[in-house]
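**Q** how does the following fold in three dimensions:
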Amino acid sequence: MNWLGLTFLSAFALATADALSKRYLSHYRPGDLVLVRFGIAGALLLPVLLAQPWPALTPAFWGWIAILMPLEITAMWLYMRAIRESPLSLTLPYLAFTPVFNIVTGYVFLGEQVSQAGSVGILLVVCGAWLLNISAARHNGGLDILAPVRAIVREPGSRQMLVTAAIYSFTSVLSKAALLHVTPAFFGPFYFVVLAVVTARVFASREVSSWKALGRHPFAHLAIGACMAVMVVAHFFAIAHIEVAYMVAVKRTSLLFGILYGAWLFREQGLTRNLAAGGLMVAGVYLIAAAGSH
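**A** Numbers count the residues shown, from 1 in each chain. Model prediction:
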C-alpha cells in the first residue's frame, strides 16, 4: 500500500475509534476513555515493538518524550471530553485548526512568515468553521455574521477541540524532533507503549474504578484499541514515504469520516452543510501544508 492509501487508512481508523468511543463509552469519565484509547492500543502494539531491533535511545530522545507525554495525554483528555459531550460534526472538524496554530507557533518561535497560499488556507479553515455554525447567523430574519463565531465559544466541545488542536500544533513539532533519533517503524509502537504506561500511572494508579472500567465492554475496548493501533502504525509508515506536512493534510480527512459517522450513528443534522464545511477545512489544511513544504 502506498503512502496515500496508508494515510486514508489512518484517518478512517481514527474516525472509527472516535465514533466507537462516543457510541459505546460516552458514559465513561474522560480519564477512563484516555486509558482505553492509549492503554489497549499500547498493549496491542507491545509485540510489534518487541519484535524489532531497538536503536540506541539518546538522552535527547528521552527529553523529547518527557516533554511530549503530558501534552499528549492532556490533548487526548480534552479530545475525549469534546466528543463525549458534543456532536462529532461540531468537534472533529476543529482539529483542522492545528496547522493554523502551527503557523502562529512557527512565526513566534522560528520567525516563519505566512505565504499567500498559506493565508488562503487559513481563510478556508476559518470559513469552514463559520459554515459549521451558520444556523446561528440567522437571527430575527436577519444575518448576524459574528454569531457563528460566538456559537463556537458557547459550544463546549468546539472550545475543547480548539484547545486540543493548539496542543497538537506543539506535539506535531516536538514528535518530529524526537523522530529524528529513531525510525518511524520503531517510533509509532514505542510512543504508544510509553503513552499506555504513563496513562495508567496518571489515571489508574489511585483509582481502582479505572482498572474496573477496563473490564467492562471488552469488545468495544478491543475494537477501539485496534483502531488506534492501526491508526498509529499506518501513520508512521506513511510518514516514512512522504513529507509530514502532506501526510497530515490528507489525514485530516478523518474529520469528514467523523461527520459521516455522526450522521449515520447519531442522526446528526445538516450532513450536506457539514461535509461542505469539512471539505473547505481539509482544502485549507492542504494549502497550508503545500505552502509550508516550499
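
**Q** mind listing the helices for the stretch 1-150 of the chain?
**A** 3-25, 30-34, 41-50, 59-85, 98-110, 116-132, 147-154 (DSSP state H, counting those that start in this stretch).

**Q** and H217, backbone torsions?
**A** phi 50, psi 50 (degrees, to the nearest 10).

**Q** wait, doesn't it sit right on L25?
**A** Yes - the pair H217 / L25 is scored as a contact, 6.6 Å apart, by C-beta atoms under 8 Å. Where C-beta positions appear, they are placed from N, C-alpha and C, glycine not excepted.

**Q** please report how far S169 lies from R273.
**A** Distance of S169 to R273, given as C-beta to C-beta, to the nearest Å: 27 Å.

**Q** follow-up on the earlier one: who's more crowded, H217 and L25?
**A** Comparing H217 with L25 by other C-beta atoms under 10 Å, the one with more neighbours is L25, at 21 against 17.

**Q** which residues touch the more buried one?
**A** 32-33, 36, 217, 220, 224 (C-beta atoms under 8 Å, 6 or more residues apart in numbering).

**Q** turn those residues into a markdown table, columns for distance to K251 and pLDDT.
**A** Shown next, in a markdown table, are those (distance: C-beta to C-beta, whole Å; pLDDT from 0 to 100):
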| residue | distance to K251 | pLDDT |
| --- | --- | --- |
| D32 | 26 | 88 |
| L33 | 21 | 91 |
| V36 | 22 | 91 |
| H217 | 27 | 81 |
| A220 | 24 | 92 |
| I224 | 18 | 95 |
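
**Q** out of these, who's the most crowded?
**A** V36 (28 neighbours).

**Q** quick one: the helix or strand hosting G278 to chain centroid distance?
**A** In this assignment (DSSP states H and E), G278 forms part of helix 271-292. On the basis of C-alpha atoms, centre = their mean, to the nearest Å, helix 271-292 sits 15 Å off its chain's mean C-alpha point.

**Q** quick one, it and helix 116-132 angle?
**A** With axes from the mean of the first three to the mean of the last three C-alpha atoms, to 10 degrees defining the directions, helix 271-292 sits at 160 degrees from helix 116-132.

**Q** hang on, the earlier thing: okay, S169 and R273: which has more neighbours?
**A** S169 (19 against 16).

**Q** that one sits in which helix or strand?
**A** Using DSSP H and E, S169 maps to helix 156-179.

**Q** centroid-nearest residue for this structure?
**A** Geometric centre of the chain, nearest residue: L95, 6.2 Å, by C-alpha atoms, centre = their mean.

**Q** one step back: of the helices of the stretch 1-150 of the chain, which approaches W264 most closely?
**A** Nearest to W264 among the helices of the stretch 1-150 of the chain is helix 3-25 (8.4 Å), distances taken as C-beta to C-beta.

**Q** report the rounded mean pLDDT for the closest one.
**A** Over the span of helix 3-25, the pLDDT mean works out to 93.

**Q** if anything else comes up later, I'll come back, but that's it for now.
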